[in-house]
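> Sequence first, predicted model second:
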Amino acid sequence: MKLSVKSHSTWLQVWRYWELLHVLVARNLKVRYRGSFLGVYWSLLNPLIMTGLYTAIFGATFASYYNNSISNYVLAAFTGLVVINFFSASTSQALSSVVGNGSLLNKIRLPVSIFPVSMLAANVFQFAIGVLPLLAIMTFVNSKSLVNVLALMFPSVALVLVSTGVGFLVSALYVFFRDLPYFYELVVFVIWLSSPIFYPAAIVPKQVKPFLSLNPLSPIIESLRQITLSGYAPDLGLIWGALLSGVIILTLGWTCFHLWRHQFMDLL
């Protein structure tokens, strides 16, 4: 009987968390795109423009690494850009989410983790209805395989895991260090520069590769490109590396957030 009551209580908590998450995600999207003509599809505009810019500057130089095909370079640059854009937007918005809702937390008892999660969930929704269908079309055209299309979910899940873990970490740190956004801009720039976005990973010198391998986005980008561009079956090694990276970062971020959150209310 006690076990049944406990299970019912847990289910109610989960349902309450889900309802609250739905409300916050809807609020975030409405505020972000109020009066907007394209709405969530604006998330596609930046990577499309940057892809065109990179192609104009580097396309002819790096096309040889993509079967001497400019179109393949376009797709490669696009996949890298959607990954870094999702990561940058999600984690930057999550960073200020706890502090930004400090007054609400002081009035109503809410699960603190709901705020960074809601920021991530809003960006996942954008990704799912904007970027992911376009990636699926690109993948099917190149591979002619539904297996590859379905396999897109694995690096996408890994990207969400990494972004969620970093989101937890930076949102917790911002409670203690209010100048963190300035430092985090530099961190994102370093991650962007060390990710094979506008350049192929093959040109990176062997001496530098061990340092770049520390970048959690690199295996995600490589896995996404292999599935989208190669025309071959998904590389399970790349998928496993991407997912492992995501699980490690999520575990680290959630552990820090969980250990520090009892100190939040004194500083909000």
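Looks like it came in fine.
> Can you get me a residue count around residue 46?
13 (other C-beta atoms under 10 Å). Just so you know, the C-beta spots here come from the backbone N, C-alpha and C atoms, and that holds for glycine as well.
> again but with residue 188, I slipped
Around residue 188 there are 16 other residues, counting by other C-beta under 10 Å.
> contacting residues around the spatially most central residue of the chain?
Centroid-nearest residue in the chain, with C-alpha atoms, centre = their mean: residue 87, separated by 3.7 Å. If a contact means C-beta atoms under 8 Å, 6 or more residues apart in numbering, then residue 87 has 159, 162-163, 166, 188, 191, 217 as its contacts.
> Would you list the buried entries among those residues?
Taking 16 or more other C-beta atoms under 10 Å as the criterion, what is buried in the contacts of residue 87 is 159, 162-163, 166, 188, 191, 217.
> the helices in the stretch 151-268 of the chain, which residues?
Remark: helices assigned in the stretch 151-268 of the chain by DSSP state H, counting those that start in this stretch are 153-176, 180-194, 209-212, 218-229, 236-260, 264-267.
> any idea of the mean pLDDT for the last one?
With pLDDT averaged residue by residue, helix 264-267 scores 81.
> name the helices or strands packed onto that helix?
With contacts defined as 3 or more C-beta pairs under 8 Å, 6 or more residues apart in numbering; DSSP states H and E, the packing partners of helix 264-267 are helix 102-107, helix 153-176.
> give me that answer again for 7 Å
Helices and strands touching helix 264-267, by 3 or more C-beta pairs under 7 Å, 6 or more residues apart in numbering; DSSP states H and E, are helix 153-176.
> Could the C-alpha coordinates of the helix it packs on be exported in PDB?
The C-alpha trace of helix 153-176 is given here as PDB (Å, rounded to 0.1, in the frame of the first residue of the first chain):
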ATOM      1  CA  MET A 153      18.000  11.100 -34.200                       C
ATOM      2  CA  PHE A 154      21.100   9.800 -32.500                       C
ATOM      3  CA  PRO A 155      23.500  12.800 -33.100                       C
ATOM      4  CA  SER A 156      20.500  15.000 -32.500                       C
ATOM      5  CA  VAL A 157      19.800  13.400 -29.100                       C
ATOM      6  CA  ALA A 158      23.500  13.700 -28.300                       C
ATOM      7  CA  LEU A 159      23.400  17.400 -29.100                       C
ATOM      8  CA  VAL A 160      20.400  17.900 -26.800                       C
ATOM      9  CA  LEU A 161      22.200  16.000 -24.000                       C
ATOM     10  CA  VAL A 162      25.400  18.100 -24.300                       C
ATOM     11  CA  SER A 163      23.500  21.300 -24.400                       C
ATOM     12  CA  THR A 164      21.300  20.300 -21.400                       C
ATOM     13  CA  GLY A 165      24.400  19.400 -19.400                       C
ATOM     14  CA  VAL A 166      26.200  22.700 -20.200                       C
ATOM     15  CA  GLY A 167      22.900  24.600 -19.600                       C
ATOM     16  CA  PHE A 168      22.600  23.100 -16.100                       C
ATOM     17  CA  LEU A 169      26.200  23.900 -15.400                       C
ATOM     18  CA  VAL A 170      26.300  27.600 -16.600                       C
ATOM     19  CA  SER A 171      22.800  28.400 -15.100                       C
ATOM     20  CA  ALA A 172      24.100  27.200 -11.700                       C
ATOM     21  CA  LEU A 173      27.400  29.100 -12.000                       C
ATOM     22  CA  TYR A 174      25.700  32.300 -13.000                       C
ATOM     23  CA  VAL A 175      24.000  32.400  -9.600                       C
ATOM     24  CA  PHE A 176      27.400  32.700  -8.000                       C
END
